[in-house]
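[1] Return atomic coordinates for the entry below.
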Amino acid sequence: MYKVSEEVAVKEVLEFVVKYNRKANDVDKVLDLYPDVVEAVKLGNLNLSSENPVLKLQDPIKNSDGDIAVEEVSFKTRMKPSDHRRVSKGIDVSKDQLLFGHRCVAFIIDQEVAMLDKIEREDYKVIDQLSTLFI
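    So this is what the prediction gives:
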């Protein structure tokens with residue numbers, strides 16, 4: 001079932017995470033904060049070695065005809081201040097933090113907010129955990 005051992009996956013995730021979150025600099029923190037990211041690496045579904053991480057969805061999103069519409073998502077590794085402004089436009093962030101968070105995640109994976117509802121639970125957990133590094 002697993003393509004990568006736990007030891008190798010944790011090491012790979014730790015090396016990646018430390019680039020964006022210096023406080024998550026030990027194995028226990030990585031396992032606590034990013035357990036589903038580690039699992040995705042173990043399964044071979046998450047590639048952290050490219051410039052932008054790529055997650056192959058366990059359950060690809062299909063269109064109304066049953067054809068695969070989204071098979072993988074690529075992560076933008078930075079949200080610039082101008083991106084934050086664009087994402088928050090038209091909402092009161094202090095009152096609608098959930099919508100702001102969803103817009104940020106959608107921006108990071110370059111999808112529409114409505115697509116987040118179509119992403120299977122296990123894939124969404126990986127996306128959610130990894131996205132926190134780039135907001």
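
[2] what about the helices in the chain?
    Counting by DSSP state H, one finds helices in the chain at the ranges 6-18, 27-33, 35-43, 81-88, 97-108, 113-116, 121-131.

[3] winner for burial among these?
    Highest mean neighbour count of the helices of the chain: helix 35-43, a mean of 22 (counted as mean count of other C-beta atoms under 10 Å). Using the backbone N, CA and C atoms, a C-beta is placed for each residue, glycine as well.

[4] Give me the angle between that one and helix 121-131.
    On the basis of axes from the mean of the first three to the mean of the last three C-alpha atoms, to 10 degrees, helix 35-43 is oriented at 110 degrees to helix 121-131.

[5] ok and helix 35-43 relative to helix 6-18, angle-wise?
    Using the same axes, to 10 degrees, helix 35-43 lies at 130 degrees relative to helix 6-18.

[6] which other helices and strands contact helix 35-43?
    Using 3 or more C-beta pairs under 8 Å, 6 or more residues apart in numbering; DSSP states H and E as the contact criterion, the neighbours of helix 35-43 among helices and strands are helix 6-18, helix 121-131.

[7] Next, format these as a markdown table and append mean pLDDT and distance to residue 24.
    Conversion of the helices and strands packed on helix 35-43 to a markdown table gives the following (pLDDT from 0 to 100; distance: least, C-beta to C-beta, whole Å):
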| stretch | mean pLDDT | distance to residue 24 |
| --- | --- | --- |
| helix 6-18 | 96 | 5 |
| helix 121-131 | 97 | 11 |
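
[8] Give the pairing partners of the biggest strand by length in the chain; include direction for each.
    The longest strand of the chain (DSSP state E) is strand 54-62. Taking DSSP bridges as the criterion, strand 54-62 sits next to strand 46-47 (antiparallel), strand 68-74 (antiparallel) in its sheet.
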